[in-house]
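K.L.:
after the sequence you'll find the predicted model.
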Amino acid sequence: MSAGATCGPLLCVRGLTKRYGHRIGCADVAFDLDPGEVLAIVGESGSGKSTLLSLIARDLAPDAGTVRYRLRDGTLADLAALSEAERRHLMRTDWGFIRQDAAQGLRMGVSAGGNVGERLMGVGARHYGRIRSTAAEWLGKVEIAADRIDDPPKAFSGGMRQRLQIARNLVTGPRLVLMDEPTSGLDVSVQARLLDLIRRLVAELGLAVVIVTHDLAVARLLSHRMIVMRGGRVIESGLTDQVLDDPAEPYTQLLVASVLAA
């Protein structure tokens, strides 16, 4: 099988569960994600959506359940069975993680170009000129001016930091990107610009995405399918437009109604 070939789902999540004492963080969550598909996980604060994302990324160890990912050779690998070195390599190459607070996903004391170039170096790039050229190219793709390549992220606005974090994550050509509230806390106009950029890059690169958001408008704009969570459990799932236009569960109906009433 050739590199990049896939047969079946890219990501398979089965029975993911995480408890904190008597409190349920996440309970028996299961779904598949196909190559190029965007899945939104929505729910109120405390619903378990960010816990689920952390379990998928192995930032948290589950109490039960599995996360399996289809490698480029077609093998469906259990992430828990990978060595730490294998998992880190996967996260640097085939996965990206856009965090809500860009400062957590960037090296704040390193230049914009260095942030992008560092990820390239992590996969073996060593030619300084080519690294800098590729970093400049990616800054342009996320609408950051070339003359800002030597500026540190701390000199950037919130929206620019998020765009830089996107460039840092996408420069190695990942197939799966996790996004945790990527537009939260930004001004409305900045949010709109960032969402347009994300939607364009996702389509151009054929990315599979799992995006956590409390904003149903973001979910509708970006995702093909949606999971609605409450109390750590999935209470409804389906095609995004179907769930939002004709929600079956009373909780989902309340979520949609609260947006319409706002």
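P.N.:
On my side now, so go ahead. Numbering: from 1, shown residues only.
K.L.:
that's a helix at Ala135, yeah?
P.N.:
Yes: judged by DSSP: H, G, I helix; E, B strand; the rest coil, Ala135 forms part of a helix.
K.L.:
per-residue pLDDT, the residue nearest to Leu33 when sequence neighbours are not counted?
P.N.:
Among residues not flanking Leu33 along the chain, Leu11 sits closest, at 4.0 Å (C-beta to C-beta, 6 or more residues apart in numbering). For the C-beta atoms, the positions are set from N, CA and C on the backbone; glycine is no exception. We note a pLDDT of 98 for Leu11 in this prediction.
K.L.:
enumerate every residue touching Leu11.
P.N.:
Counting by C-beta atoms under 8 Å, 6 or more residues apart in numbering, Leu11 touches 32-33, 56, 67-70, 176, 208, 210.
K.L.:
out of these, list just those in helices.
P.N.:
Ile56 (DSSP state H).
K.L.:
list the buried residues of stretch 99-106.
P.N.:
Under the neighbour-count criterion of 16 or more other C-beta atoms under 10 Å, stretch 99-106 has 99-100, 102, 105-106 buried.
K.L.:
circling back to that earlier point, got phi/psi on the residue nearest to Leu33?
P.N.:
phi -130, psi 130 (degrees, to the nearest 10).
K.L.:
tabulate the contacts of Leu11 in CSV, adding columns for pLDDT, neighbour count and distance to Glu249.
P.N.:
Below are the contacts of Leu11 laid out as CSV (pLDDT from 0 to 100; neighbours: other C-beta atoms under 10 Å; distance: C-beta to C-beta, whole Å):
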residue, pLDDT, neighbour count, distance to Glu249
Asp32, 98, 15, 21
Leu33, 98, 22, 22
Ile56, 96, 25, 23
Val67, 97, 18, 25
Arg68, 97, 19, 28
Tyr69, 97, 22, 30
Arg70, 97, 22, 31
Leu176, 98, 20, 28
Ala208, 98, 22, 26
Val210, 98, 26, 21
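K.L.:
low-confidence ranges in the stretch 1-150 of the chain?
P.N.:
By pLDDT under 70, the low-scoring segments of the stretch 1-150 of the chain are 1-7.
K.L.:
strands along that one, start to end?
P.N.:
With strands called from DSSP state E, counting those that start in this stretch, the stretch 1-150 of the chain shows them at 11-20, 23-33, 38-42, 64-70, 76-78, 95-98.
K.L.:
the fourth one pairs with which strands?
P.N.:
Within its sheet, and counting by DSSP bridges, strand 64-70 is paired with strand 11-20 (antiparallel), strand 76-78 (antiparallel).
K.L.:
same question, the longest one
P.N.:
Strands flanking strand 23-33 in the sheet, each with its direction: strand 11-20 (antiparallel) (DSSP bridges).
K.L.:
and the angle for the partner strand with strand 38-42?
P.N.:
Angle, strand 11-20 to strand 38-42, by axes from the mean of the first three to the mean of the last three C-alpha atoms, to 10 degrees: 20 degrees.
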